[in-house]
Every structure is written in structure tokens, then in C-alpha cells.
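[1] Predicted model and sequence below, questions to follow.
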Amino acid sequence: MTRRSDFRELPARLLAWFDRHARVLPWRAPIGVARDPYRVWLAEIMLQQTTVPHAAPYFQAFTQRWPRVEDLAAAPEEDVMRAWAGLGYYARARNLLKCAREVAARGGFPGTSAGLRELPGIGPYTAGAIAAIAFGERSAAVDGNVDRVFARLMALKGEWAEEKKRLAAEVARLVPDERPGDFAEALMDLGATICTPAAPNCMICPLTDMCAARAEGAPERYPVKPPKVAKPVRYGHAWVYRRRGKVWLVRRPPEGLLGGMLALPSAVWQEGEAPEAVPPSKADWQALGEVRHVFTHFTLRLSVWQAETPRNPAGEGMWADPEEETGLPTVFAKALALATGGKVRRR
DNA sequence: AAATCGGGGTT
DNA sequence: AACCCAGATTT
């Protein structure tokens, strides 16, 4: 018997399960109710490599402040970056605004995955997801959940990069003509609530009888991925200028790490050993301690210093009230909390 | 194909 | 500490 025939009943079985167990989420509508492409798109961008609980309050804030794509398109970039602060992967926010402006200019979202794929910030997964969920296109949406679910269903043991391609082709074959969007969300819900990474709950899985990994007895061993390289440590210093209770913030260059975001003045972070502490200007600098922060491909150990200053530091910047400022990326919010004795402000 | 790009929850 | 999350873009 071929794999394909093994999965013959999968779409109907999965959709029947989804009808009873779909998660209720802010960007969803009741099953059968049309979805607003703007809200679908916004949620998909926010959810890239981001958990549902982390993204949800940002989705609420964005849709309340910018109810339509035209509203977002008209927003200053500074406002969008500030509203995105804390969500991470800030290129998403820059591309979000670019995309909103292109969509507003052309009078709406493209209705096909191929058209969506041309827009900034929309890759293969997101194009397929929006096309299926918002427009009913028979397109696949293969995310990390779907990778895991099918690695187990098929008991894939080969090189992960190759197996992902095979699995994606299998998913594409299985997308039903009816309810392709529900099919995409059902697979993600199954991965998020039952076929979980560490301890899948096969006892209540609607697909357990067609799962090869379950038949082998150890589904949690899948997917088989290559080992990850250890993160190096980088060291740096951050400088908190204070004046009448306010702090001096600068804007980072538009590209690269934390690109376009507000920040504390800080030199380049160096690997290996801590660089000498050379402040941007002479003052009575006081050491406040160290902040540790984990980025995607390195760990940062940031020494934080503060000093009172009577005048504006050199270069572009602004004075901000540390109690009110919510536009800082988390690493700088942590550093600032060290200076003010406050907590890291987040939604 | 590999590197870059955040932050936080789970185990 | 390791793993992962509704991945995309650049090198």
C-alpha cells in the first residue's frame, strides 16, 4: 500500500476534528464566516516564529489602532516600529509597512498565493496560508507544526532538508477543494495542541491510526533534525545619559540587528572578550551592572553605565521618560530597567 | 545551502 | 540548557 492511499481519509478526518476542537483565536471568525484579508495577513506576519500568546496582544493593539490596511499604510514608520517593539524580528515590521503601502496603492490584497508571494515579508508559507484562509485557494501552508505532524505521519528519517520537501509535496496533494483554509488551520491546531514537540498526545489524535511514527512506538523522536551549533557570547556597553529624570535614546541604523529601532547609545558588540569601556563622551559614569540577553545566533552580555549630563549628547537623539517609553527592544528595556530600578515595560 | 534576524514559553 | 514557535530574506 502506498503512502498516498494511507492518507486518503486524512482531510475529512482532520476537518471533522477541527469542527469540534478548533482553537478560538482573535484573528479567526466562526467556521464558515468570511475572513478579512487584512486581519489574516497581519496575524500571519506577527505569528512568524512567534507564539500565539506573544502575538495576540499585539494583534489586538494593531487592529484597534489601524483597523484597515489603508490606515496602516498611512502610519509613520516610527509609529509602526514603536508599536512592534518587543515582538522581535523587526524586519517584519519594516516589511509590514512596505506591504501595507503596496496593497493600499493597488486597491487590495492579491487574491492568489502567487500574487501574495510578490509582496515584501510574504514567503511560501504565508502566501499559501493567506490564499487558503482568506480567499479559499487550494494552497498548502506548511509551517513548523505541519513539518512535525507529517514527519511523524510518514516517519521521515532522512536528511531533514530533503524530507521537508517531500512532506510539503504530500501536504499539497492532500489539500481539499472544499475548506482549504480550515484544512491549513486544522493541521496547525493539531500540531499545537496534540502532536506537540515533546510529548504528543496520541491517545486523542484523530490521525493516530495512520501515523507511522506512532506505529513504531516513539513519535516524539520525530522530526529528526541536524544538531544546532552553540551560540557564541558577545560583549558590549550601553550608556544611559540622564537629565531631569529623562534618558537619551537614539535610533539604530535601518538595516541589520534591531534595525530602525530606538536604542540606548552602544558601541558594536564584540565576540571573545569584553571590550574596554569607552564612553561616547566624558562624564561621571557609574557602573550599574550587566544585562544578559539571548539573540538568535549569539548571547549578549551588556554592561550598563549611567551619568547625569547638563547638555544634549552629540549626534541625533531624543530625551524620553523611562517610565512611559514602550518603544525599546527588550534588550534595551532590560538595560533601562537596571538604570531606573523599574521593571521591563511590556504589554 | 548557510547565515541572519528576537523574544519568550516549555521541558 | 535545549528546543521550539502560523518563516523570510540575504549571502
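    Happy to help now that I have it. Bear in mind the structure is a predicted one, so any value in this text is a computation, not a measurement. Residues are numbered from 1 along each chain as shown, chains lettered A, B, ... in the order given.

[2] Can you give me the buried ones in stretch A:115-135?
    A:116-117, A:119, A:121-122, A:125-135 (16 or more other Cβ atoms under 10 Å). C-beta: built from backbone N, CA, C; applies to glycine.

[3] before we move on, what about stretch A:145-160?
    So for stretch A:145-160, counting by 16+ other Cβ under 10 Å, buried means A:Asn145, A:Val146, A:Asp147, A:Arg148, A:Val149, A:Phe150, A:Ala151, A:Arg152, A:Leu153, A:Met154, A:Ala155, A:Leu156.

[4] again with stretch A:185-193
    Along stretch A:185-193, these residues count as buried under the neighbour rule (16+ other Cβ under 10 Å): A:Glu185, A:Ala186, A:Leu187, A:Met188, A:Asp189, A:Leu190, A:Gly191, A:Ala192.

[5] The buried residues of stretch A:145-160: which two are farthest apart?
    A:Asn145 and A:Ala155 (17.4 Å; Cβ to Cβ).

[6] thinking again about what came up before, the buried residues of stretch A:115-135 also near DNA strand B: which ones?
    Intersecting the buried residues of stretch A:115-135 with the contacts of DNA strand B gives an empty set (criterion: Cβ under 7 Å from any atom of the strand).

[7] Could you list which of the residues you listed belong to helices?
    A:116-117, A:125-135 (DSSP state H).

[8] Need these in TSV (columns: distance to A:Val268 and pLDDT).
    As requested, these are exported to TSV (distance: Cβ to Cβ, whole Å; pLDDT from 0 to 100):
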residue	distance to A:Val268	pLDDT
A:Leu116	37	98
A:Arg117	35	98
A:Tyr125	33	98
A:Thr126	33	98
A:Ala127	36	98
A:Gly128	39	98
A:Ala129	37	98
A:Ile130	38	98
A:Ala131	42	98
A:Ala132	43	98
A:Ile133	42	98
A:Ala134	42	98
A:Phe135	45	98
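
[9] ok, the residue in chain A positioned nearest to DNA strand B - contacts?
    Distances from chain A to DNA strand B, computed as Cβ to the nearest atom of the strand, single out A:Gly88 as the nearest residue at 2.8 Å. Residues in contact with A:Gly88, defined by Cβ atoms under 8 Å, 6 or more residues apart in numbering, are A:Gln49, A:Thr50, A:Pro329, A:Thr330.

[10] Then A:Ala213?
    When contacts are counted by Cβ under 8 Å, 6+ apart, A:Ala213 touches A:Ala151, A:Arg152, A:Leu153, A:Ala155, A:Pro219, A:Arg221, A:Tyr222.

[11] so which strand or helix has A:Ala161?
    Of the helices and strands defined by DSSP states H and E, A:Ala161 is found in helix A:160-174.

[12] check whether that helix contacts DNA strand C.
    No. Among the residues of helix A:160-174, none lie within reach of DNA strand C under Cβ under 7 Å from any atom of the strand; the closest is 9.8 Å away.

[13] Give the next helix or strand downstream of that helix.
    The first helix or strand that comes after helix A:160-174 along the chain, using DSSP H and E, is helix A:180-193.

[14] Name the residues that touch that next one?
    Outside of helix A:180-193, the residues that reach it under the criterion Cβ under 8 Å, 6+ apart are A:11, A:14-15, A:17-18, A:21-23, A:28, A:31, A:35, A:52, A:128-129, A:132-134, A:136-141, A:143-146, A:148-149, A:171, A:174-176, A:205-207.

[15] how about that helix as PDB, C-alpha atoms only?
    Taking C-alpha atoms only, helix A:180-193 is exported to PDB below (Å, rounded to 0.1, in the frame of the first residue of the first chain):
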ATOM      1  CA  PRO A 180      -8.600  24.600   2.200                       C
ATOM      2  CA  GLY A 181      -8.200  27.300   4.800                       C
ATOM      3  CA  ASP A 182      -9.800  25.200   7.500                       C
ATOM      4  CA  PHE A 183      -7.500  22.400   6.500                       C
ATOM      5  CA  ALA A 184      -4.500  24.600   7.000                       C
ATOM      6  CA  GLU A 185      -5.600  25.800  10.400                       C
ATOM      7  CA  ALA A 186      -6.700  22.300  11.400                       C
ATOM      8  CA  LEU A 187      -3.200  21.000  10.700                       C
ATOM      9  CA  MET A 188      -1.600  23.800  12.800                       C
ATOM     10  CA  ASP A 189      -4.100  23.300  15.600                       C
ATOM     11  CA  LEU A 190      -3.300  19.600  15.600                       C
ATOM     12  CA  GLY A 191       0.400  20.300  15.900                       C
ATOM     13  CA  ALA A 192      -0.100  22.900  18.600                       C
ATOM     14  CA  THR A 193      -2.500  21.000  20.800                       C
END
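
[16] is DNA strand C contacted by it?
    Yes. Helix A:180-193 lies in contact with DNA strand C when judged by Cβ under 7 Å from any atom of the strand; the contacting residues are A:Glu185, A:Met188, A:Gly191, A:Ala192.

[17] Now that we have those, can you turn them into CSV and tack on distance to DNA strand B?
    CSV is the format used below for the residues of helix A:180-193 next to DNA strand C (distance: Cβ to the nearest atom of the strand, whole Å):
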residue, distance to DNA strand B
A:Glu185, 20
A:Met188, 16
A:Gly191, 13
A:Ala192, 11
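
[18] What residues does the stretch 101-250 of chain A have near DNA strand B?
    For the stretch 101-250 of chain A, the residues in contact with DNA strand B under the definition Cβ under 7 Å from any atom of the strand are A:Ala161, A:Thr196, A:Ala198, A:Ala199, A:Val229.

[19] so where's the stretch 1-150 of chain A shaky on pLDDT?
    Filtered on pLDDT under 70, the stretch 1-150 of chain A yields the residue ranges A:1-5.

[20] Having no further points to raise, I will conclude here.
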